[in-house]
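> attaching a predicted model along with its sequence, questions to come.
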Amino acid sequence: MKQFINTDKIYVEDLGKHADKVVSLYGWLYNKRGKGKLAFLLLRDGTGIVQCVMSKADVGEEIFSRADDVTQESAIKITGKVNADDRAPGGFEIHVQNFELVSRSEEYPISPKEHGTTFLMDHRHLWLRSKKQNAILRIRHTIIKAVRDFFDGEGFTLIDAPIFTPAACEGTSTLFETDYFEDKAYLTQSGQLYMEAGAAAFGKVYCFGPTFRAEKSKTRRHLTEFWMVEPEVAYMDLNGDMELAENFVSYIAKCVLDKNRKELETIERDTTKLETIKAPFPRLHYDEAAEILKKEATEFVYGDDFGANDETVISSQFDRPVMVHRYPAAVKAFYMKEDPEDKTRALGFDMLASEGYGEIIGGGQREDNLDILLSKIKAHDLPEESFNWYLDLRRYGTVPHAGFGLGIERTVAWLCGLHHVRETIPFARLMHRLNP
RNA sequence: UCCCGAGUAGCUCAGCUGGCAGAGCAAGUGGCUGUUAACCACUGGGUCGUAGGUUCAAGUCCUACCUCGGGAGCCA
């Protein structure tokens, strides 16, 4: 890569290529340990952390005291020889020849000891520098790239959905309202309806962007702003949809295992749990899932949607994600196609991640019949005029079509084995958090 | 919206039946040539969330409020 400021700069992740050579590293002081006339400086540059060993005998009094005085997270430049050494974390260490202070850090709020989550979230802009958060967001990067690579590789066209929308897509959830000149606009809670238009125009499409829910949810699985990928395919039914979903999720898991071994180790993820994420995934009819819940004696009431505990019980029966399909139509959205074999059922499915992580995908086949869709809009008490353009899709060459939405943060939390989704996005937006 | 829980040093927390405000880490000073969240010694650091009440005496008991955390519902 071209270096615009420093022609001699190399990165920690490339140290192996420079064994026994003298190099310059630019970064920040992660931590230091003094030992009298010997000092250990941990330099962090965003690609990794390397231990730099400096002895007073080698560098002299002036450089040594300059380095000895430096504070945590000060910006520093270190020049020295790259040595392989088993005692060094990472396998390589630098024998310091020169040390330069680029800028001194004030007292850094995040010490190497323990902190509470509130404090760390208040300092999220600095917390990103720590090892674990760095690893998580690198895995997020892999997942997002895998999402794009998968659909691009399958011949999908990226069609971006608008973020300002005129009304509720699904009616039920609370929307964030904003002024739009003389009018009101709402932040999108799903791009799906627009993807249905896209599917009729391009055959296979997906959108990937932020989504907003104004629900007052305070749980480890909820953000008010989260990222969702939503594919939609014309001439595809529920079975095709589930096959797409399981191949998609398997691909993502494989990419993370292929590219992020080091990061998974940093966050102490049990990777055997990831090795099993391979299509095909078990598929359960709603009634079969209900049967499991009956056997396990949960408080589940037949006909209802599954609660958080129900999802955990169902998914704990399997070593990989499970797809539950044909929910009662009454608990699902108006646009879901009804099962021609049982009109009380919707041709929708949820994918429940393993290890109790709950729903990561919701999707299904869409209602493609104009009259049935009209009656559902009426039955759900939705304003018909707002859906005129959507109904047009049923007037002008309607076809069976299906799609789904996958929540990125829940997927990251699951693959990383994290307790809470707030660490899976650089700057989380929660009910009680709008800063930093 | 509902149900729990918590607010004490910069951070993480302890503080018993009401009786002088504590520890570890961080910061500062000194020491140490192989440290792995280094270690050892010393130093500084407090409106106990806010308001009111009970009491000779409140961090501690009571009431209200504020803020935050966990969970439910809803969802991805």
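Yep, it's here. Only a predicted model underlies this, so the values are computations on that prediction, with no experimental measurement involved.
> CA only for contacts and neighbour counts going forward, please
Fine.
> okay, and for the stretch 51-200 of chain A, where does confidence drop off?
A:167-173 (pLDDT under 70).
> so what's the residue count around whichever residue of it sits closest to RNA strand B?
Nearest residue of the stretch 51-200 of chain A to RNA strand B (CA to the nearest atom of the strand) works out as A:Lys113 at 2.8 Å. In terms of burial, A:Lys113 registers 5 neighbours under the definition other CA atoms under 10 Å.
> check the one 4 residues further on too.
Counted with other CA under 10 Å, the neighbours of A:Thr117 add up to 12.
> and if you look at A:Thr79?
Neighbours of A:Thr79 (other CA under 10 Å): 20.
> now swap in A:Tyr396 and tell me
Neighbour tally, A:Tyr396, other CA under 10 Å: 9.
> so what does the helix or strand where A:Leu193 lies touch, helix or strand wise?
Assigned by DSSP states H and E, A:Leu193 falls within helix A:192-202. With contacts defined as 3 or more CA pairs under 8 Å, 6 or more residues apart in numbering; DSSP states H and E, helix A:192-202 has these neighbours: strand A:204-212, strand A:225-234, helix A:388-395.
> is the longest one anywhere near RNA strand B?
Yes. Strand A:225-234 comes into contact with RNA strand B (CA under 7 Å from any atom of the strand), by way of A:225-226, A:228.
> quick check, A:Leu29 in a helix?
No. According to DSSP: H, G, I helix; E, B strand; the rest coil, A:Leu29 belongs to no helix; its state is strand.
> surely it is in contact with A:Ala75?
Yes. Here A:Leu29 reaches A:Ala75: they are 6.5 Å apart, a contact under CA atoms under 8 Å.
> more neighbours: which of the two?
A count of neighbours by other CA under 10 Å puts A:Leu29 above the other of A:Leu29 and A:Ala75, at 24 against 21.
> in terms of helices and strands, where is A:Phe99?
strand A:92-103.
> so what touches that strand?
A:15-16, A:50-55, A:58-59, A:63, A:66-67, A:70, A:74-86 (CA atoms under 8 Å, 6 or more residues apart in numbering).
> helix/strand/coil for A:Leu406?
A:Leu406 - assigned by three-state DSSP - is strand.
> which positions in the stretch 101-250 of chain A make contact with RNA strand B?
So the stretch 101-250 of chain A meets RNA strand B at A:107-109, A:111-119, A:172-173, A:213, A:215-226, A:228 (CA under 7 Å from any atom of the strand).
> put the alpha carbons of the strand holding A:Phe99 into PDB.
These are the backbone C-alpha positions of strand A:92-103, laid out as PDB (Å, rounded to 0.1, in the frame of the first residue of the first chain):
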ATOM      1  CA  PHE A  92       8.000 -11.600  17.300                       C
ATOM      2  CA  GLU A  93       9.300  -8.700  19.200                       C
ATOM      3  CA  ILE A  94      11.200  -5.500  18.400                       C
ATOM      4  CA  HIS A  95      14.700  -4.700  19.800                       C
ATOM      5  CA  VAL A  96      14.300  -1.000  20.000                       C
ATOM      6  CA  GLN A  97      17.000   1.300  18.500                       C
ATOM      7  CA  ASN A  98      15.000   4.500  18.500                       C
ATOM      8  CA  PHE A  99      11.900   5.800  20.100                       C
ATOM      9  CA  GLU A 100      10.000   8.900  19.100                       C
ATOM     10  CA  LEU A 101       6.900  10.400  20.800                       C
ATOM     11  CA  VAL A 102       4.500  11.600  18.100                       C
ATOM     12  CA  SER A 103       2.000  13.000  20.600                       C
END
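> which of the contacts of strand A:92-103 come close to RNA strand B?
A:53, A:55, A:85.
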